[in-house]
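Peer 1: requesting a structural model of the entry that follows:
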Amino acid sequence: MNKKKTITFVVFAYGISWLIWMPNVLAHNFNVTWGFSKWLHIVGGLGPFLGAVVTIYLFERNAGVIKYFKEKLFRIQSIKWTLIGLGMPIVFFLIAVLILGIFTGDWVVISDLGLNSKLPITNPFLIWLLWCFFYGLGEEGGWRGLLFPEFTKSFKARITTLYVALIWIPWHLPVFFYDKDLGTMGLFGTVGWAVGLVFGSLLLGWLVKQSQLNLWPVILWHGTFNFFTTSDRLNPLIPGLMSFMVIIAALWIARRYGENLELDPTLKKTENIIRESTQ
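Peer 2: Next up, the predicted model:
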């Protein structure tokens, strides 16, 4: 692992996002001449991606940047894993809706999907695209696009997901000072949120590993998950249930896959035999 490269990336990822978010922090907590900006809240998510591009350029110049875009963004490595990345949060959402509908009678109104008072637009499809770009690409372009593969040069993939989470969690700090959802969670709510990110980091690390470090599966997963869980018109139990399912999925991944988040060769051989026998 190139420690200088890793530290440089973290400094840029934090620095870019925190500088973009700072006007909102000041507007919320001090008597300044400007108000809260919904666009700054969203654009701040690009910090890790921009930090990755700047870092790669500093250490690998144009050739490294071209390779980054070509291998991670300009092609889809696996249609299967891309569809899994898109479909998994949708399945989590549908299960959460079904559970709440059956036990409480509170069914989701389709027109409320994705709507959030902190966003500058109200069209659900554009909101989904916005999440996929600014926080799907914005975050995953750095955390799983540079930090995860850099750490795996020195550590097993499973432990790497924990190290990535420990850097990912504090990155959100400025948002706690102006966002009512994060800022009012309290100690236990914040701990639960952080635990969810740890398990989410394992799931996303596994997902990007299966797609050979191509970013589209995790971009679509992250953007789609945010689309469902940040809507302030939906029952707040929905994001809680979806986060619980992330934890369950991550525990299954940790048990079924090895330290490098790959199937044991014996399991692979067994699955191949089963697949061939059914053809």
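
Peer 1: element containing the residue lying closest to A194 once chain neighbours are set aside?
Peer 2: What sits nearest to A194 in space, not counting adjacent residues and going by C-beta to C-beta, 6 or more residues apart in numbering, is I169, at 5.2 Å. In short, each C-beta sits where N, CA and C put it, glycine included. Using DSSP states H and E, I169 sits within helix 157-171.

Peer 1: list of residues touching the following helix or strand past that helix?
Peer 2: Moving toward the C-terminus from helix 157-171, the next helix or strand (DSSP H and E) is helix 173-176. Here helix 173-176 makes contact (C-beta atoms under 8 Å, 6 or more residues apart in numbering) with S17, W18, W21, M22, N24, V25, H41, G44, L182, G183.

Peer 1: quick one: buried ones out of the residues you listed?
Peer 2: S17, W18, W21, N24, V25, H41, G44 (16 or more other C-beta atoms under 10 Å).

Peer 1: can you redo those residues as JSON lines with pLDDT and secondary structure?
Peer 2: As requested, these are exported to JSON lines (pLDDT from 0 to 100; DSSP: H, G, I helix; E, B strand; the rest coil):
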{"residue": "S17", "pLDDT": "98", "secondary structure": "helix"}
{"residue": "W18", "pLDDT": "98", "secondary structure": "helix"}
{"residue": "W21", "pLDDT": "98", "secondary structure": "helix"}
{"residue": "N24", "pLDDT": "96", "secondary structure": "helix"}
{"residue": "V25", "pLDDT": "96", "secondary structure": "helix"}
{"residue": "H41", "pLDDT": "95", "secondary structure": "helix"}
{"residue": "G44", "pLDDT": "97", "secondary structure": "helix"}
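
Peer 1: closest one to L115 out of those, please.
Peer 2: Lowest distance from L115 to the buried ones among the contacts of helix 173-176 (C-beta to C-beta) belongs to H41, with 15.0 Å.

Peer 1: so who does the closest one touch?
Peer 2: W21, N24, K118, V175, D179.

Peer 1: for the last one, give me its contacts.
Peer 2: Contacts were defined as C-beta under 8 Å, 6+ apart; by that measure D179 touches H41, K118.
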